[in-house]
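Participant: I would like the atomic coordinates for the input below:
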Amino acid sequence: MDCVLIESLELETVIGVYDWERTIRQRLVLDLELATDIRLAAADDDLTKTLDYAAISQRIQRFADEHDFALVETFAERLAQLLMTEFFVPWLRLTLRKPGAVPAAAAVGVRIERGTPPEGA
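Facilitator: Numbers count the residues shown, from 1 in each chain. I've put the predicted structure just below:
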């Protein structure tokens, strides 16, 4: 299985369950592994035949700007659905961290996998 990686993508969004969190933007850090077959793109050196990580990163930022959720779980689940649908990704692993949410921890968050890993994974 080939994967396109996006690591440590920083976003700011409204997220949290407490009233005070609903009035500010907080930082999230996202890691993504997106299943794809890179052979066609590599053969022709053609960006249109692979997952464009710049376009995906921009779409993720737009998603963060357009939505506000209470839970990082909801953010992760909805984002995974969006990426799989809009970019035709059959499988992904998404790690979403919320730095500073727990003072004694560097970050808290979730890691999810969605879809079916391609054969041979």
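Participant: could I get the lengthiest strand in the chain in CSV with only the CA atoms?
Facilitator: When the chain is parsed with DSSP state E, its longest strand is strand 2-15. Taking Å, rounded to 0.1, in the frame of the first residue of the first chain, the C-alpha atoms of strand 2-15 are listed here in CSV:
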residue,chain,number,x,y,z
ASP,A,2,1.2,3.5,-0.8
CYS,A,3,0.3,6.4,1.3
VAL,A,4,0.4,10.2,1.0
LEU,A,5,1.5,11.7,4.3
ILE,A,6,0.6,15.0,5.9
GLU,A,7,2.2,15.4,9.3
SER,A,8,1.8,18.0,12.0
LEU,A,9,-0.6,20.1,10.0
GLU,A,10,-1.6,22.9,12.4
LEU,A,11,-5.1,24.3,12.3
GLU,A,12,-7.1,26.8,14.4
THR,A,13,-10.8,26.2,15.0
VAL,A,14,-13.5,26.5,17.6
ILE,A,15,-13.5,23.3,19.5
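Participant: For that strand, buried residues please.
Facilitator: For strand 2-15, a neighbour-count test (16 or more other Cβ atoms under 10 Å) marks 3, 4, 6, 9, 11, 13, 14, 15 as buried. Where C-beta positions appear, they are placed from N, C-alpha and C, glycine not excepted.
Participant: which other helices and strands contact that strand?
Facilitator: Taking 3 or more Cβ pairs under 8 Å, 6 or more residues apart in numbering; DSSP states H and E as contact, the helices and strands that strand 2-15 lies on are strand 26-36, helix 53-66, strand 68-69, helix 72-86.
Participant: ok, now with 10 Å
Facilitator: Judged by 3 or more Cβ pairs under 10 Å, 6 or more residues apart in numbering; DSSP states H and E, strand 2-15 is in contact with strand 26-36, helix 39-44, helix 53-66, strand 68-69, helix 72-86, strand 91-99.
Participant: now these in CSV, with distance to residue 114, mean pLDDT and mean neighbour count?
Facilitator: Listed next are the helices and strands packed on strand 2-15 as CSV, based on distance: least, Cβ to Cβ, whole Å; pLDDT from 0 to 100; neighbours: other Cβ atoms under 10 Å:
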stretch, distance to residue 114, mean pLDDT, mean neighbour count
strand 26-36, 10, 97, 19
helix 39-44, 23, 95, 12
helix 53-66, 15, 98, 14
strand 68-69, 17, 96, 16
helix 72-86, 5, 98, 17
strand 91-99, 6, 98, 20
